[in-house]
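K.L.:
No sequence on hand, only this structure:
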């Protein structure tokens, strides 16, 4: 007996019992289809997203923007080989800067039916884009959230290091109100070298112009609006390194920018220069930085990123021994300030990250794929 014959006999029997007619059956069947849990959707018909490396501030901002539109499964652990299986039943995963999205992990995600990787950050150097293309996984990002957040954190590091605000705070809390060793310098009139004049770099330039700084800028793509400012001069990298009192990095991490600041670059800088990196840890050869600090080539260093930060930043390791010898050495310098990739952490930036990420998911759910997605990232 085929399905049509079975349905005919079933309806005939139901009519004899004075029960279900064909119209009522169709209505109930449509209702069952509507509430049935489809692959990648929950029982309420909401698109399921596995959200890795979820912190309380992430959850708060995404829940506010989401308003139960999507079924977000928050996972406190980062994405790696062990946790990839937690994405089972989800068509999308949402990851951050230190989640590992290498070839074998991409393959594992694809085998579980994942079709979208939504980065809630601008950088995508942690994603194997070629593997994603091979397995038919679309990748999207948040190209800009609040450049002011990172720029202001950058200048905050400069001011804290320059005026020794961290040391003054600790001293005063301990009851010592001496000023010895807290002497800084006027930012006014100093030369600041801005490496990278994208959205964040431009914001840093605007702030430092307000302090009365002279700006030397370097970028492979000259911004004419920035160049038009009388306080700004675009120069070659070598000149920027030689003449700047402050050097700050604002470029993405690509193969050609990896260790853009190496031993040779430090050697070209002024003695006692202030060095800031709030962009990506891999831009700097950290061992070379340590040597430059030891020789006092670098007088002050502020870092919001570190090239081996995965597994360290965004974690509470206060009850463990820090096994990263390079970071441990950095933390011994009293003229170095390390913050754990918190430059993005403002209410406004978190709101924009959540909104853009969910908009990216909405585009994918509507049927767009790969380059059809507004903020698609593809292998070049």
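P.N.:
Ah, there it is. Since the model is a prediction, treat every value here as computed from it, not as a measurement. Numbering: from 1, shown residues only.
K.L.:
Can you get me a residue count around residue 328?
P.N.:
11 (other CB atoms under 10 Å). Quick note: C-beta positions are derived from backbone N, CA and C, even for glycine.
K.L.:
in terms of contact, does it touch residue 322 like I think?
P.N.:
Yes: with contacts defined as CB atoms under 8 Å, residue 328 counts as touching residue 322 at a distance of 4.9 Å.
K.L.:
buried ones in stretch 373-380?
P.N.:
373, 375, 376, 377 (16 or more other CB atoms under 10 Å).
K.L.:
so where do the strands sit in the stretch 101-250 of the chain?
P.N.:
116-119, 138-140, 191-195, 214-218, 232-234, 246-249 (DSSP state E, counting those that start in this stretch).
K.L.:
Can you give me the neighbour number for residue 179?
P.N.:
Neighbour tally, residue 179, other CB under 10 Å: 9.
K.L.:
measure it to residue 375 for me?
P.N.:
Taking CB to CB, to the nearest Å as the measure, residue 179 and residue 375 are separated by 50 Å.
K.L.:
Give me the neighbour count for the residue nearest to residue 104 when sequence neighbours are not counted.
P.N.:
Distances taken as CB to CB, 6 or more residues apart in numbering place residue 81 nearest to residue 104, at 6.7 Å, with adjacent residues excluded. Counted with other CB under 10 Å, residues neighbouring residue 81 total 11.
K.L.:
Tell me the span between the first and last residue of stretch 161-179.
P.N.:
Criterion CA to CA, to the nearest Å; first-to-last residue distance in stretch 161-179 is 15 Å.
K.L.:
now stretch 228-247
P.N.:
Start-to-end, stretch 228-247 (CA to CA) is 21 Å.
K.L.:
Then stretch 268-282?
P.N.:
End-to-end distance for stretch 268-282, by CA to CA: 20 Å.
K.L.:
just stretch 217-229 next, same as before
P.N.:
Using CA to CA, one end of stretch 217-229 lies 11 Å from the other.
K.L.:
Give the buried residues for it.
P.N.:
For stretch 217-229, by 16+ other CB under 10 Å, it's 217, 218, 219, 223, 226.
K.L.:
Check stretch 132-146 too.
P.N.:
Using 16+ other CB under 10 Å as the test for burial, stretch 132-146 gives 132, 135, 137, 138, 139, 140, 141, 142, 145, 146.
K.L.:
thinking again about what came up before, now render the buried residues of stretch 217-229 as JSON lines, adding pLDDT and distance to residue 53.
P.N.:
Compiled in JSON lines, those are given as follows (pLDDT from 0 to 100; distance: CB to CB, whole Å):
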{"residue": "217", "pLDDT": "98", "distance to residue 53": "34"}
{"residue": "218", "pLDDT": "98", "distance to residue 53": "33"}
{"residue": "219", "pLDDT": "98", "distance to residue 53": "31"}
{"residue": "223", "pLDDT": "97", "distance to residue 53": "33"}
{"residue": "226", "pLDDT": "98", "distance to residue 53": "34"}
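K.L.:
any chance of those residues in JSON lines, with distance to residue 209 too?
P.N.:
Formatted as JSON lines, these follow (distance: CB to CB, whole Å):
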{"residue": "217", "distance to residue 209": "11"}
{"residue": "218", "distance to residue 209": "17"}
{"residue": "219", "distance to residue 209": "17"}
{"residue": "223", "distance to residue 209": "14"}
{"residue": "226", "distance to residue 209": "10"}
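K.L.:
quick one: the residue nearest to residue 104 and residue 109 touch, right?
P.N.:
No: checked against CB under 8 Å, the pair residue 81 and residue 109 is beyond contact range at 11.0 Å.
K.L.:
related to what we said a few turns ago, just flag the most distant two among the buried residues of stretch 132-146.
P.N.:
Spatial extent of those (CB to CB) is set by the pair 135 and 146 at 32.7 Å.
K.L.:
Off-centre distance for stretch 61-81?
P.N.:
What separates the centre of stretch 61-81 from the centre of its chain is 15 Å, taken as CA atoms, centre = their mean, to the nearest Å.
K.L.:
same question, stretch 350-363
P.N.:
13 Å.
K.L.:
Show me what that stretch is in contact with.
P.N.:
Defining contact as CB atoms under 8 Å, 6 or more residues apart in numbering, one finds that stretch 350-363 is touched by 47, 49, 57-58, 60-62, 64-66, 69-70, 92, 94, 116, 118, 120-121, 140-142, 144-146, 344, 372-375.
K.L.:
One more: stretch 287-302?
P.N.:
154, 157-158, 160-162, 261-263, 266-267, 269, 271-278, 326, 329-330, 333, 335-337, 339.
K.L.:
Select the longest helix from the chain.
P.N.:
Across the chain, the longest stretch assigned as helix under DSSP state H is helix 347-365.
K.L.:
can you pull the buried residues of that one?
P.N.:
Using 16+ other CB under 10 Å as the test for burial, helix 347-365 gives 349-358, 360-361, 363-365.
K.L.:
now stretch 330-344
P.N.:
So for stretch 330-344, counting by 16+ other CB under 10 Å, buried means 330, 333, 335, 336, 337, 338, 339, 341, 343, 344.
K.L.:
Model confidence score at residue 14, please.
P.N.:
For residue 14, the model assigns a pLDDT of 63.
K.L.:
Give me the domain ranges for the chain.
P.N.:
Domain ranges of the chain: 48-145+348-372, 147-338, per automatic domain parsing.
K.L.:
All the helices of the stretch 1-150 of the chain, residue numbers only.
P.N.:
For the stretch 1-150 of the chain, the helices defined by DSSP state H, counting those that start in this stretch occupy 3-16, 22-35, 56-66, 103-111, 129-134, 147-162.
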